[in-house]
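>>> Here you go, sequence then predicted model.
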Amino acid sequence: MSQTLSLTLVDTKAQIALCHPLMQQLRPGLTEAQFVEQVMGQQHQGYQLLKGECAGKISGLAGFWVASKLAWGKHLYVDDLVTDENVRSNGVGAEMLNWLEHYAKDIHCAQIHLDSGVQRFLAHKFYLRAGFIIASHHFTKVL
């Protein structure tokens, strides 16, 4: 990136609302009101939203959880990761993943996990370059 990316955790209703236009690139079905309500509700359960901002513009978002499971131990799970389509391949996603990795290590997580839609080929290439492996298949049954 030619300019400095500022990474901060988002926690107020107003800050969350400002993130909605970018999150729509990943989750187009959510209105601003739904997005704000959902994030605020999830924050009470441990969800955190990382914002990457450059030159006053939100360039990336990463929603994540810290949890513990029998299969993975203490881990950081990336639920949402989006870089503004106008600045992709400029290092925003890499800087965000780097921040998440350092954060996970600082709080003694053993692993970082994420799921990615099977149609997101460019995202898969990015994750593989970032050192992730395809460790399993994720199955879903709509009820």
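On my side now, so go ahead.

>>> use CA for all of it now, contacts and neighbours both
Fine.

>>> Would you mind listing the buried residues in stretch 58-68?
Residues of stretch 58-68 classed as buried: Ile58, Ser59, Gly60, Leu61, Ala62, Gly63, Phe64, Trp65, Val66 (neighbour count, 16 or more other CA atoms under 10 Å).

>>> host element of the first one?
Element membership for Ile58 (DSSP states H and E) is strand 57-69.

>>> Measure how far that strand is from the centre of its chain, please.
Strand 57-69 sits 4 Å away from the centroid of its parent chain (CA atoms, centre = their mean, to the nearest Å).

>>> which residues sit against that strand?
Contact partners of strand 57-69, identified using CA atoms under 8 Å, 6 or more residues apart in numbering, comprise 19, 22-23, 46-53, 74-84, 87, 92-93, 96.

>>> buried ones in stretch 124-143?
Per 16+ other CA under 10 Å, stretch 124-143 contains these buried residues: His124, Tyr127.

>>> Residues contacting that stretch, please?
For stretch 124-143, the external contacting residues (CA under 8 Å, 6+ apart) are Ala94, Asp115, Ser116.

>>> Can you give me the distance of the residue nearest to Tyr47 when sequence neighbours are not counted to Asn90?
Using CA to CA, 6 or more residues apart in numbering and skipping residues adjacent in sequence, the residue nearest Tyr47 is Trp65, 4.9 Å away. As judged by CA to CA, to the nearest Å, Trp65 and Asn90 stand 25 Å apart.

>>> Check Phe139 too.
Note on Phe139: its distance to Asn90, by CA to CA, is 32 Å.

>>> For the residue most central in space within the chain, which non-adjacent residue is spatially closest?
Geometric centre of the chain, nearest residue: Ala62, 2.2 Å, by CA atoms, centre = their mean. Nearest non-adjacent residue to Ala62, counting by CA to CA, 6+ apart: Leu81, 4.4 Å away.

>>> where exactly do the strands run in the protein?
Remark: strands assigned in the chain by DSSP state E are 6-10, 48-54, 57-69, 73-83, 111-114.

>>> In TSV: these, plus mean pLDDT and distance to Val36.
Formatted as TSV, these follow (pLDDT from 0 to 100; distance: least, CA to CA, whole Å):
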stretch	mean pLDDT	distance to Val36
strand 6-10	96	11
strand 48-54	96	11
strand 57-69	96	13
strand 73-83	95	14
strand 111-114	93	22
